[in-house]
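S.K.: Just need the structure, nothing else, for what follows:
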Amino acid sequence: MFVGLLKRACPLMAVGSLAIGCGGVYQPSRAAGFETDPAAEITDDDVKKAFEARPQLGEELHVAYYTFDPERAKDVEELLSGLPSVASVYRIPPLIVTGQRRFDSSSPYYYGQQPKEVSIKKLRLLAARARAEVLVIVDHGYKTGGANPLAALDALILPIFFVPFLDNRVEGYVEAFVIDTRNGYLYGHITEDDKRGDEYATIYAKTTGTVAAEQWETLRKKLRDDLGRLLEDERKRSKASHASAASIAPPGSTAPAAPSARPTPVGPRP
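M.R.: Residues are numbered from 1 along each chain as shown. Have a look, this model is predicted:
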């Protein structure tokens, strides 16, 4: 048992002996910079189209999503697939967005690699190639505390086993943009935050990794509920918008067609 404690404490002894505690930040896909709309792409016509865009969700939704956290991609896909009215879900892979390969380092300066921009226009195009009417962009990350002031007592080494010198607080978030693929209409911007964990914890307490995993489950459920409500509200708004356009259409004109169901998407095309 004592040997097991030593194995667990060894990585902490160097930190404790120096009385220094360093936290960490989990921010995946650092090789990709995100700009909702790069300035070089914005024109007066873009602004005009943004004002004219209207919600146009149909009864059956085909969704494409891009996540900056590949570790959570499967969870995000399951979340989206379980939402009412969602008929299909397609993940836009990082490879065709930033060129990031599966085992590339997340460092933006890995072998001199510069951060690559991710724009909504490019993601909309990729979603359209997948025949998805809705684009969802998801980001997730968290930061941890490290060690608290009691780490100074660990210079004697023995207190490592019973002094609560660890700061196991985890502050995390998940953020999502829901966008119409065809006209760029922003259906909603969802942000969920969560902070938990003990500021003074011993080596026997839950690790920050465990706390972060539990935190993600909470954030994921909140995101699912908010996305479900958002899509339902926007679907009703789309119906109201279409009905209003039909009622004010001048004689002899044709009102815009309502979104209709369509066959299952065949995936992205070149």
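S.K.: which stretches of the stretch 1-150 of the chain have low pLDDT?
M.R.: 1-23, 26-27, 29-41, 104-115, 147-150 (pLDDT under 70).
S.K.: again, 50 this time
M.R.: 1-21, 107-111 (pLDDT under 50).
S.K.: Helices of that one, residue ranges please.
M.R.: 2-18, 44-52, 73-81, 120-129 (DSSP state H, counting those that start in this stretch).
S.K.: what's next to the third one, contact-wise?
M.R.: Translated: helix 73-81. With Cβ atoms under 8 Å, 6 or more residues apart in numbering as the test, helix 73-81 has contacts from 63, 65, 67, 86, 89, 91, 136, 138, 216, 220, 223-224, 227. C-beta: built from backbone N, CA, C; applies to glycine.
S.K.: ok, Leu126 touching Val97?
M.R.: Yes: at 7.1 Å, Leu126 counts as touching Val97 under the criterion of Cβ atoms under 8 Å.
S.K.: which residues are in contact with both of those two?
M.R.: With Cβ under 8 Å, 6+ apart as the test, Leu126 and Val97 both reach Tyr66.
S.K.: returning to what we had before: would you mind putting the contacts of helix 73-81 into CSV with neighbour count and distance to Thr144 alongside?
M.R.: Listed next are these as CSV, based on neighbours: other Cβ atoms under 10 Å; distance: Cβ to Cβ, whole Å:
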residue, neighbour count, distance to Thr144
Val63, 27, 32
Tyr65, 23, 27
Thr67, 24, 21
Val86, 18, 34
Val89, 23, 31
Arg91, 17, 28
Val136, 26, 27
Val138, 23, 21
Trp216, 20, 13
Arg220, 18, 19
Leu223, 22, 21
Arg224, 17, 25
Leu227, 22, 27
